[in-house]
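1. here is a sequence with its predicted model. Questions after.
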Amino acid sequence: MYVTDANIFLEVELGQAKSRACEEFLELVRSGEVDAVISDFSIYTVALVMENNGKTPKEIKKFFASLFAYAGLRIHPLSNDDRIAAATLMEKHGLSLDDALVLQTTLASQATALVSLDRDFDKVKEIKRIEPATENLEVLRKSKLPPPSLPHQKKFPPPCFAEKPAF
């Protein structure tokens, strides 16, 4: 299981340089070939950045709705304990709050690695960062592990509509 950083979704939503590799990774998550976790904070981050980049409410709504179609995606709702731990991680690793929350999500969910384009995580020895480059996709697909049983993780219900993800 992998934690997915907000920048993976944003790369696709904003049509940035590495959007194709990110889209391929997200397709593996959508199909359930790869199990992934994203925090509720990271979802809000995606929506806020989309808004700040001129995306309409309709496009943001479509992004939120598309999350139902990801068979392999679970949401990690951040607890106050997670937020306190993230503040400690900010100090320990010199990270921004949003990066520290992603790191805390990675640690709390006992993820195999963090899928992110953010090289700030390379200085954190407790986790492994993987970029969703095409050459890494087969590794990600093959290393699908049963997810740990964590009571605070929520899995989306089955898709209630046939809409494909927003990317």
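-> Looks like it arrived, so ask away. Residues are numbered from 1 along each chain as shown.

2. thought Ala100 was touching Ala87?
-> Yes: counting by C-beta atoms under 8 Å, Ala87 is a contact partner of Ala100 at 7.0 Å. All C-beta atoms are positioned from the backbone trio N, CA, C, and that covers glycine.

3. of the two, who's got more company?
-> Ala100 (23 against 14; other C-beta atoms under 10 Å).

4. which residues touch that one?
-> Shown in contact with Ala100 (C-beta atoms under 8 Å, 6 or more residues apart in numbering): Ala86, Ala87, Leu89, Met90, His93.

5. ok, and what's touching the one helix or strand the fourth one maps to?
-> Looking back up the chat, that one is Met90. Assigned by DSSP states H and E, Met90 belongs to helix 80-93. With contact meaning C-beta under 8 Å, 6+ apart, helix 80-93 is reached by 78, 95-97, 100-101, 103-105, 107-108, 123-124.

6. CA atoms only for stretch 109-125, dumped as PDB, please.
-> In PDB, the C-alpha atoms belonging to stretch 109-125 read as follows (Å, rounded to 0.1, in the frame of the first residue of the first chain):
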ATOM      1  CA  SER A 109      -0.900   3.900   7.600                       C
ATOM      2  CA  GLN A 110       2.200   1.800   7.700                       C
ATOM      3  CA  ALA A 111       2.500   2.300   3.900                       C
ATOM      4  CA  THR A 112       5.200   0.600   1.900                       C
ATOM      5  CA  ALA A 113       6.200   4.000   0.400                       C
ATOM      6  CA  LEU A 114       5.100   7.400  -0.500                       C
ATOM      7  CA  VAL A 115       4.300   8.200  -4.200                       C
ATOM      8  CA  SER A 116       5.200  11.800  -4.600                       C
ATOM      9  CA  LEU A 117       7.100  14.200  -6.900                       C
ATOM     10  CA  ASP A 118       8.300  16.200  -3.900                       C
ATOM     11  CA  ARG A 119      12.000  15.600  -3.300                       C
ATOM     12  CA  ASP A 120      11.800  17.200   0.100                       C
ATOM     13  CA  PHE A 121      10.800  13.700   1.300                       C
ATOM     14  CA  ASP A 122      14.100  12.300   0.200                       C
ATOM     15  CA  LYS A 123      15.700  13.600   3.400                       C
ATOM     16  CA  VAL A 124      13.300  11.600   5.600                       C
ATOM     17  CA  LYS A 125      15.000   8.300   6.400                       C
END
